[in-house]
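**Q** Sharing a model that was predicted from the sequence below.
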Amino acid sequence: MENIEATPNWQLFEKIVTQIHKTLSPKATVTHNDKILGQDSQQQRQIDVSIRQHTGPYPILIIIQCRYYRNKIDLNDVEQFLGVVNDVRANAGVIVSNAGFTDGAIALAKNRSIQLCSVFDAENKDWSIWIKLPVICDFRAPIMRARFKGKTTRDVIDKLKSNLNDVEIVRSNGQTVTLRQLFLEDWNSGKVKAETGEHEHKPSDAGLRIRSADSRLWSMDVTFDVEVRSRLFFGYVGLEKSAGIVNVTEHSYTTKEMILEWIDVVAVENEWQRIPTLEAAPQKPFMVLVALDSFPEKGELVPC
């Protein structure tokens, strides 16, 4: 069994980079510490990680240089690596660094099609960079108005005009609920259309009746006019579980899977940036999370 504690950090770094690329490219041949003959030098060139794959009838070679340094990769490192890429006729070259890159290195890499990357492994803090994803939380809540059709008495009409929360509706099974409970039951169970804007909603129970002062039950056709309003918050969320490659030159992150950290709703409302529209976000979001506000049975239901 390999003694990990006795393995130098630079070698562990290379093995982690190799394993991540094997996970990301399961159909490719990923080789650690490869040897490739240079076409110009006619010498065996040592390659930290090579990736070989065919696209149709065409062979593709990608070489990766792993650099576990104290300081950032600079211009000279990129220039030296370019010589290796050209010598072995690689289709693409990648430098993976634990310490980052200087501005000059990034500028040269972009002009010469060299990819500069870092490793991210959320479960191994010694081999990860700090990364958080831009996220928008879209909290949606309804405002409703009820409309009724059917024959009834004057006292019921007066009650409907005065306070929707006091109106009691009798279900088809004989159970009595308030109008608020009737609506929120459908909303909380996801039966009400949740897209922002105005919608009509018919209660899921079609056999509704309303009780008059003389205890008679009158059949009622109930329709809810619903306006769903959205509150948008912009913030950043870390990764609880994920292993992948952060591409510095392309500002991208590639991984097989990821699990986001828990999102605290209270923290979102108190600490995240409130934005008026999706387009107003200071950065393009990695994802938009939509959450429907749920409501207790008691309390005020605000009419339009």
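**A** Perfect, I can see it now.

**Q** The worst-scoring helix or strand of the chain on mean pLDDT: what's the following helix or strand?
**A** Within the chain, confidence by mean pLDDT, DSSP states H and E is lowest for helix 154-162 among all helices and strands, at a mean of 76. Going down the chain from helix 154-162, the next helix or strand is strand 168-170, by DSSP states H and E.

**Q** Which positions in that next one come out as buried?
**A** Ile169, Val170 (16 or more other CB atoms under 10 Å). (Each C-beta comes from the backbone N, C-alpha and C, glycine too.)

**Q** just checking, what packs against the helix or strand just after that strand?
**A** Once the chain leaves strand 168-170, the next helix or strand it forms, by DSSP H and E, is strand 176-178. Counting contacts by 3 or more CB pairs under 8 Å, 6 or more residues apart in numbering; DSSP states H and E, strand 176-178 is packed against strand 168-170.

**Q** Show me what the mean pLDDT comes to for the strand it packs on.
**A** The pLDDT scores in strand 168-170 average 85.

**Q** That strand pairs with which strands?
**A** Strand 168-170 has the following strand partners under DSSP bridges: strand 176-178 (antiparallel), strand 209-211 (antiparallel).

**Q** separation between Asp87 and Ile63?
**A** From Asp87 across to Ile63, the span is 10 Å (CB to CB, to the nearest Å).

**Q** What's opposite Met287 in the beta bridge?
**A** Val135.

**Q** per-residue pLDDT, it?
**A** 90.

**Q** Now do the contacts for it.
**A** Leu133, Val135, Ile136 (CB atoms under 8 Å, 6 or more residues apart in numbering).

**Q** how close does the last one sit to Leu289?
**A** Right, Ile136. 7 Å.

**Q** which helices and strands does the least confident helix or strand of the chain pack with?
**A** By 3+ CB pairs under 8 Å, 6+ apart, helix 154-162 packs against no helix or strand.

**Q** List the buried residues for it?
**A** Buried, per 16+ other CB under 10 Å, within helix 154-162: Val156, Lys159, Leu160.

**Q** Excluding sequence neighbours, find me the nearest residue to the second one.
**A** Read it as Lys159. Val167 (5.9 Å; CB to CB, 6 or more residues apart in numbering).

**Q** just to revisit the earlier point, just want to know which of Asp87 and Ile63 has more residues nearby.
**A** More neighbours surround Ile63 than the other of Asp87 and Ile63, with 23 against 17 (other CB atoms under 10 Å).

**Q** Surely that one is in contact with Asn91?
**A** No: here Ile63 lies out of contact with Asn91, judged by CB atoms under 8 Å, at a distance of 9.0 Å.

**Q** Grab the longest helix from the chain for me.
**A** helix 9-24 (DSSP state H).

**Q** Going by neighbour count, which residues in that one are buried?
**A** For helix 9-24, the neighbour count (16+ other CB under 10 Å) marks Leu12, Phe13, Glu14, Lys15, Ile16, Val17, Thr18, Ile20, His21, Lys22, Leu24 as buried.
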